[in-house]
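>>> No letters, just coordinates:
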């Protein structure tokens, strides 16, 4: 987590109100009333005190990706700013706990830090407090943070957030070996509210989803009643020659759905141009072998057109039953 200062801390370090305002035009950012974080390295001599480690841990700064992941990064200082305000058995939960455990939402899910405080419920602009009970075995500590453990964290998200958030996060936890479905099901048995949503989230989550985008695809298939899409299928020709490994293939039809994210191209060790060329060659092999391939990008996951087209293609490809005449 990044470095956070209360205003009193900055005044004790020798900064004046005017110097704090000037620093906000440089390397300091206000995250909520009376609390600030250092956003980037700075060579200004007057700001050197802001970049000195206050503990044995080195100073870290929020990461910048230039995309929707930046909002999750901006949430981290807000989470830390609440650390010394926790009371007694309070602990971080939901998205806040997931970020502390290293599990990120697929897109911005909240602008609030989230904690559990038994016997108290309140919703503030930058803080949401849940009135819940957490047993001792589902409490954990990660560094300075008291948090719900991974099974309880993902269970809370499954109960209280939509499938578009919970399924990618649960799949990430399953794939990383941080949780098992049996642990999540145990949590569901003890809950009532949101139980149906949580059960569906667990059913849709899959270790075979190699990215959160693929998990989002699975959710969209469910939303559009597109059944029979199997993740990570190896495709071979009739003679047994390898044609490719696809993100999703229909269990009966020669239908393939592929997601193309930046990672597929820019994380390739051979560079984006070679990755793009290889992907085109693979696409042509599959097409020539009789497969229909739908290629999705991130924006398609938030639009209906491609999934309606997939659903229509499946309906048209199935043999139509003749109506019986009397």
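Received, thanks. Keep in mind it's a predicted model, so treat the numbers as computed, not measured.

>>> C-alpha from now on. contacts and neighbour counts both.
OK.

>>> what about the stretch 51-200 of the chain, any weak spots by pLDDT?
Residues of the stretch 51-200 of the chain that meet the criterion pLDDT under 70 lie in 53-58, 190.

>>> Helices of that one, start to end?
69-81, 94-100, 150-160, 163-175, 181-189, 195-204 (DSSP state H, counting those that start in this stretch).

>>> Next, format the ones you listed as JSON lines and append distance to residue 133.
Shown next, in JSON lines, are the helices of the stretch 51-200 of the chain (distance: least, Cα to Cα, whole Å):
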{"stretch": "helix 69-81", "distance to residue 133": "21"}
{"stretch": "helix 94-100", "distance to residue 133": "14"}
{"stretch": "helix 150-160", "distance to residue 133": "11"}
{"stretch": "helix 163-175", "distance to residue 133": "21"}
{"stretch": "helix 181-189", "distance to residue 133": "12"}
{"stretch": "helix 195-204", "distance to residue 133": "16"}
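
>>> Just put these in a markdown table and tack on mean neighbour count and distance to residue 119.
Conversion of those to a markdown table gives the following (neighbours: other Cα atoms under 10 Å; distance: least, Cα to Cα, whole Å):
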| stretch | mean neighbour count | distance to residue 119 |
| --- | --- | --- |
| helix 69-81 | 21 | 21 |
| helix 94-100 | 25 | 18 |
| helix 150-160 | 24 | 17 |
| helix 163-175 | 26 | 26 |
| helix 181-189 | 16 | 20 |
| helix 195-204 | 18 | 22 |
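
>>> Select, out of these, the one closest to residue 47.
helix 69-81 (18.7 Å; Cα to Cα).

>>> what comes into contact with the closest one?
By Cα atoms under 8 Å, 6 or more residues apart in numbering, the list of residues contacting helix 69-81 from outside reads 1-6, 31-32, 35, 37, 62-64, 96, 99, 104-108, 111-114, 126.

>>> do you know which of the helices of the stretch 51-200 of the chain lies nearest residue 226?
Residue 226 lies closest to helix 195-204 among those, at 12.6 Å (Cα to Cα).

>>> how far does that closest one sit from the chain's center?
Its chain's C-alpha centre and that of helix 195-204 lie 17 Å apart, by Cα atoms, centre = their mean, to the nearest Å.

>>> what angle sits between that helix and helix 163-175?
Here the directions of helix 195-204 and helix 163-175 differ by 50 degrees (axes from the mean of the first three to the mean of the last three Cα atoms, to 10 degrees).

>>> Return the list of helices and strands in contact with the helix or strand following helix 195-204.
Next helix or strand after helix 195-204 toward the C-terminus (DSSP states H and E): helix 212-223. The contact analysis (3 or more Cα pairs under 8 Å, 6 or more residues apart in numbering; DSSP states H and E) places helix 212-223 against helix 163-175, helix 195-204.

>>> for the record, mean pLDDT for helix 212-223?
Mean pLDDT, computed over helix 212-223, is 97.

>>> Enumerate the positions of it that are buried.
For helix 212-223, burial by neighbour count (16 or more other Cα atoms under 10 Å) applies to 212-221.

>>> Give the next helix or strand downstream of it.
Criterion used, DSSP H and E; the element after helix 212-223 is strand 229-236.

>>> and that next one, which strands flank it?
Here strand 229-236 has these sheet partners by DSSP bridges: strand 242-250 (antiparallel).

>>> can you list contacts of the helix or strand just after the partner strand?
Using DSSP H and E, the helix or strand that follows strand 242-250 towards the C-terminus is strand 255-259. Residues from elsewhere that reach strand 255-259 (Cα under 8 Å, 6+ apart): 213-214, 246-250, 291-298.

>>> Just name the closest of these to residue 199, please.
Nearest to residue 199 out of the contacts of strand 255-259 is residue 214 (Cα to Cα; 19.2 Å).

>>> Now for residue 104, how many residues are close by?
23 (other Cα atoms under 10 Å).

>>> is it true that it touches residue 96?
No - applying Cα atoms under 8 Å, one finds residue 104 not in contact with residue 96, separated by 9.4 Å.

>>> and residue 189, how far is that from residue 314?
Distance of residue 189 to residue 314, computed by Cα to Cα, to the nearest Å: 36 Å.

>>> Kindly apply the preceding question to residue 156 instead.
In terms of Cα to Cα, residue 156 sits 35 Å off from residue 314.

>>> now do residue 291
12 Å.
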